[in-house]
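K.L.:
Return a 3D structure for these sequence lines:
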Amino acid sequence: MSPGKDFKVIQATDGTAMFFSIGTDDIMYVAREIQSSSTGWKRIDLSSGLSSNFKGASVKAKSFNVSQNVQSMAFDLSLIVTVAESDYLFLSFGNSSNPSSWSNIQWRIVPFDGTDRTGPSTLTIDAVHLANLPNPRFPNGTQTCFVDIYQKPPASNPMKLLDRYYVSLKEAPFWRKHTLPIDLSAGSISCCLGRRENDRIGGIYTFGKIESKQQLIYAPAYNEYDTGIPPRPARLVLPAGSTGVASAMNNSGKSNLFLSCNEGIYVFPPNGQGDEATGNLIVPSTIAANAVDLEALSCGGTTGVFGVNPAGQLFYTHCPAGSELKPESWSPAVALIGDINRYAFFINAKSGNHDLFAHSKGQDIIQLTQNPITTEWVQRRILLPGTDVNHVVSFNSFITKYQYSKSPGNLDRETNVSVTATSPVGVYINDAYYVLKPDLAASVKPDTSGTLTIVQPSETSSAVPYTISVKGTDESTFHDPAAKTRLKFQDLKTVKDLDSATCKNTDGSTSPLIPHGTSDDDKKALLDAFKQFSDAAKDLPKDGTRAKVAAAAKIPSNDAFGFGETTIKLSVGDFFRTIGSAVWERIKAVTIKVINGIVNVVTKIGDAVYHAVLDCVSAVANAVEWVFNKVKVFVKDMIKWVGFIFNWSDIVRTHKVLKNVLFKYAKHSVSQISNVETSVSSGLDDLDDKLREWSGLPDRGGKLGDRAESGKDEKAGYNNPQAGWVGDQTSANLSSSDLEAQKKPAPEGWWAVLEELKSFVEHEGDTVSQTIKDIRTKIIEPYGSLTAVEVVQRLVGVIGSLAVQSAKHIVVLVLRIIRILADKVLDGLDEPIKIPVISALYKRIAGEELTILDLVCLIAAAPATIIYKAITNQTPFPDNQSTQALIEASDYSSIQQLFSGKDAETAARLKSFCVVAEFAGMSGSWFLTLLSKFKLPFVLANKPDEIPGFVFKVTVPIRLLTLLPTIALGCIPEAAGGPGWETTMYMTMASIAFFKTVLDASEIGDKDIYLKVSPYVDYAISAIWIVPAVARLVKDSRRESGYIVLGRAIATDFALMLGPIVWNVADPEVRLIALAVTDGLYLVSAGLGVAAGTMLLRE
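P.N.:
A predicted model of the protein is given here:
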């Protein structure tokens, strides 16, 4: 979120933020943190609708104010709008901050009706001062409102003199002159509201140059005893160098008044604000001295004061509520952010921690939330839903994936998963934002692939741990996202380890972690610090909470750790904000000291000595980062070393190879349609003999479920968060793309063939349904516990020649339809697509606009490259002439020729391509499960014709990905005598499968009939395809990878063969189960794809 012109913040009853602002478009907005939303924030327009009060004239929001009652949490709003150069006042009192009604804000226009003078023809309002004062008689509090207006228009008012009015809506006149024996001038005063001890009404503090003299005056809203007499003001005595004031209501609705001056922070208590009263110095501090923009609040058992000092630093200090007069109760003033422009904050009513929103020069607004458990300050941006696909925000994060299905039969989308965190943290779970807390769980469900993906944004090397539980079971998992990061730090034990540590850059280059020129003494000091930190972390709570430090272990307040001075004790969160905001040259010394097993870190900044106890894991992580900073190694460098950086140059090369191979294969398939028809017509002769050959297949063992699980390995499988990142982003943003199908007229001959296909399907429907039922009960449900050969043996008893011959007839009819559409098959592959995040990313890494085929190839290239490199430590397609030849090959025959050589280099290149093809096929199968979330509502409603067009459009190239292993097969040089029947038929069915997918996305004619028979076509293609797939393994069963490849192919075929149940069965529950089983089979196929590729590398 950009800073706009102004902003303020309050809290909702659930502790989340309500952010009010005026944008550069002169509109007032309110944005609130929203659970289970896309970005975590929702923003609504509060001011544009007010134009109805002015016959539709343009309304510009000029300024606003907001005040919240900290007891009832109700809030009041004021808004000044400008219409035709005149200002108008709108008020909204007693609003609820409950999340269910937060946006129901009703405005009331309050026209000027003061009786002391004739209302100005053009009203110019300088400011509105607002307070909602607690009142036991009124749940929503008592509204107090003052308005300062120019006595004359600014052009004729060089002194900028103001009149002040007390505005009350109880009775007319609403505007009542607030008379003071002083002149007020715009730009020379600052004000806040409050209520003194023993006063029944509120009033206003006015500070600044008043009649050329600096003064601080309090005046009640009116004279309680005689409203016809001006209220009696009280002049408070200012300490030297006073610069800013702020007030905060205590539990009884009385106000403490805080003031910054030369010495630091003073307070005037509620009973010490009479005429000529003097304040009390409570926070002597150079950091808090002479501050401006002072703000204060008492809430949640804490009183906090924020301000901006002359150096432009935003600082804060706090104490327990009720202890404002005790200097020893106040925390030392701590600088949080530099170069501050504006800020707003609240104190959480439940936990008492601070939530800060700040705008530094040249930056967007950031949110800094103090962790109530660890005291650490966590920084994040405020992200609103985007309005342009090119608007992208990047951030570092910890990504965690959990898979909740192990086999095709138990993928349960209704699994309720509860996620809590050991301390408050904002995360994205399956693309939706949640705030997690120890006592506030996010109740979520796995996505259609059975996966829970948790993204925790973090600008440091630490993270908040989670507890993930499956509701209704005893299954519970504790996970610390940063655990692996800490393990990597433990690898740094010697100077040689430091010297060999390298950072990986996005272009594939590397750089040393420790800068050249770092002395050996500094390196040894680093290692000594790491050891102490590592030893300290071993005894700290693993859940991230703070250790309970025994009284005997606490540091004496006068122990200066050898600095010769008394130290200033800070919470660990404040300590690292202090040293983070300090200029390095002012940090004179650092000491790490272990006392009674507790690690203390101490530093001297200028003349002040600070120390903190490292009593939690995140504190240790902050300490590690800080000592790294001392040798000029910053967080961005640590992320490159500890975390994962995409090497986009390698990924783009893989992407370009895949794109060219797929497109040239597609063109080749179109040109071979007539040959495909001939192959199908003659290819299934003597089927019974071919089926009998399966009985001699030797069994290599290895349950398919176990092999599929090995393909999900977190390091080198599709469950690797980085490997699936592009696919996850695509799934999250696909519905926001500009991709939609367009209706086209049916060509000549289309309807006749389609009707013939429909008639045959209806005639054979019972036979097909029985075959599918047998496959599901005898093979699919126990699939994970079977070996590939056991699957084949059961297939013999299910798929007989009659079933395949029926399937053959369906395929022949489909080929007639395909022939009609031959010239349109490739239309959609190069269609441009704009999709949030991915389009902007692709433009940056590839320098081109994104097309559908680019999108799908990128989805495959990222995991294929990452997994390949994780296993081999090499890129699959190096930046050389051979790779460039694959990228530039003019047709599929040229690609085959590039793999036809007998030399070792060509063989290695072909092997790499076959491995990448398996990994890419995995991506296709996995992404098909993600597409199910778009199909699910239409499966339940049995309305396939209403599935969004972008689903079919993307499915075409996605299915091409699943065919890549078959396409790679076509590149393997054949032995003398040419390819056998099984290979020819296998390749033929691949082409038909591709054509069928194109038909699904064609949008030609009325698709009602086609979509009803389409699932039977998928069934037919898959039923036939299984035959040559098994026959190939029967012919050559020497390689173990062949068994895994067969398991992967059959899993995909079975997924497609369930189509008639998914779309044509009357019972919606049966359809839903069938879709879940389909997705489970695709996941098995994906896992076996990785396992097959890995096995190929080892053979």
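K.L.:
and residue 525, how many neighbours does it have?
P.N.:
Neighbour count of residue 525, defined by other Cβ atoms under 10 Å: 16. The way it works is simple: take the backbone N, C-alpha and C, and place the C-beta from them, glycine included.
K.L.:
Likewise for residue 637?
P.N.:
Residue 637 is flanked by 18 other residues according to other Cβ under 10 Å.
K.L.:
just residue 1057 next, same as before
P.N.:
As a burial measure, residue 1057 scores 30 neighbours (other Cβ under 10 Å).
K.L.:
In three-state terms, label residue 139 for me.
P.N.:
Using DSSP: H, G, I helix; E, B strand; the rest coil, the structure places residue 139 in strand.
K.L.:
so what's the nearest residue to it once chain neighbours are set aside up against?
P.N.:
Using Cβ to Cβ, 6 or more residues apart in numbering and skipping residues adjacent in sequence, the residue nearest residue 139 is residue 72, 5.4 Å away. Going by Cβ atoms under 8 Å, 6 or more residues apart in numbering, residue 72 touches 134, 139-141.
K.L.:
got those residues as a markdown table, with neighbour count and distance to residue 923 columns?
P.N.:
Shown next, in a markdown table, are the contacts of residue 72 (neighbours: other Cβ atoms under 10 Å; distance: Cβ to Cβ, whole Å):
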| residue | neighbour count | distance to residue 923 |
| --- | --- | --- |
| 134 | 19 | 59 |
| 139 | 12 | 57 |
| 140 | 17 | 56 |
| 141 | 27 | 58 |
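K.L.:
Looking at those residues, which one is closest to residue 516?
P.N.:
residue 134 (62.0 Å; Cβ to Cβ).
K.L.:
mind checking pLDDT for residue 242?
P.N.:
For residue 242, the pLDDT comes out at 96.
K.L.:
Residue 207 is in contact with that one, correct?
P.N.:
Yes. Using Cβ atoms under 8 Å, residue 242 is in contact with residue 207, at 7.5 Å.
K.L.:
quick one: which of these two has more around it?
P.N.:
Between residue 242 and residue 207, counting by other Cβ under 10 Å, residue 207 is the more crowded of the two (24 against 21).
K.L.:
would that one count as being in a strand?
P.N.:
Yes. Judged by three-state DSSP, residue 207 forms part of a strand.
K.L.:
So it versus residue 218, what's the distance?
P.N.:
10 Å (Cβ to Cβ, to the nearest Å).
K.L.:
How about residue 258?
P.N.:
Using Cβ to Cβ, residue 258 is found at 14 Å from residue 218.
K.L.:
before we move on, what about residue 259?
P.N.:
Counting by Cβ to Cβ, the gap from residue 259 to residue 218 is 12 Å.
K.L.:
For those two, work out which one has more neighbours and name it.
P.N.:
More crowded of residue 259 and residue 218, by other Cβ under 10 Å: residue 218, with 28 against 25.
K.L.:
Identify the bridge partners of that one.
P.N.:
In this entry, residue 218 is beta-bridged to residue 205, residue 234, by DSSP bridges.
K.L.:
Check which helix or strand the closest residue to residue 647 other than its chain neighbours maps to.
P.N.:
Nearest residue to residue 647 in three dimensions, chain neighbours excluded: residue 508, at 4.7 Å (Cβ to Cβ, 6+ apart). Residue 508 belongs to no helix or strand when assigned by DSSP states H and E.
K.L.:
which residues touch residue 508?
P.N.:
647, 649-650 are the contacts of residue 508 under Cβ under 8 Å, 6+ apart.
K.L.:
Residue 472 too?
P.N.:
Residue 472 neighbours (Cβ under 8 Å, 6+ apart): residue 416.
K.L.:
Give me the phi and psi angles of it.
P.N.:
Per-residue torsions, residue 472: phi 80, psi 0 (degrees, to the nearest 10).
K.L.:
do the same with the one 3 residues further on
P.N.:
In terms of degrees, to the nearest 10, the main-chain angles of residue 475 are phi -70, psi 120.
K.L.:
Check it and give its pLDDT.
P.N.:
Note for residue 475: predicted pLDDT of 78.
K.L.:
cool, residue 646 as well?
P.N.:
pLDDT, residue 646: 76.
K.L.:
what's the neighbour count on it?
P.N.:
Using other Cβ under 10 Å, residue 646 is surrounded by 17 other residues.
K.L.:
secondary structure class for the nearest residue to it once chain neighbours are set aside?
P.N.:
In this structure, residue 646 finds its nearest non-sequential neighbour in residue 506, 6.1 Å apart by Cβ to Cβ, 6+ apart. Counting by three-state DSSP, the backbone at residue 506 sits in coil.
K.L.:
residue contacts, residue 506?
P.N.:
The contact partners of residue 506, by Cβ under 8 Å, 6+ apart, come to 645-649.
K.L.:
cool, residue 843 as well?
P.N.:
Contact analysis of residue 843 by Cβ under 8 Å, 6+ apart lists 849-850.
K.L.:
That one sits in which helix or strand?
P.N.:
Here residue 843 is assigned to helix 838-846, by DSSP H and E.
K.L.:
same question, residue 1030
P.N.:
helix 1008-1035.
K.L.:
Might you list the low-confidence residue ranges for the stretch 801-950 of the chain?
P.N.:
Within the stretch 801-950 of the chain, the stretches with pLDDT under 70 are 801-805, 821-828.
K.L.:
should've said the stretch 301-450 of the chain
P.N.:
Using pLDDT under 70, the stretch 301-450 of the chain drops low at 385-390, 404-414.
K.L.:
can you pull out the strands in it?
P.N.:
All strands of the stretch 301-450 of the chain, identified by DSSP state E, counting those that start in this stretch, fall at 302-308, 314-320, 334-337, 340-347, 354-360, 366-370, 377-381, 397-403, 417-421, 425-429, 432-436, 442-444.
K.L.:
so which of those comes closest to residue 856?
P.N.:
The nearest among the strands of the stretch 301-450 of the chain, by Cβ to Cβ, is strand 397-403 at 21.4 Å.
K.L.:
give the contact list for residue 545.
P.N.:
By Cβ under 8 Å, 6+ apart, residue 545 lies in contact with 373-374, 422-423, 616.
K.L.:
what pLDDT does it get?
P.N.:
Here the pLDDT value assigned to residue 545 is 88.
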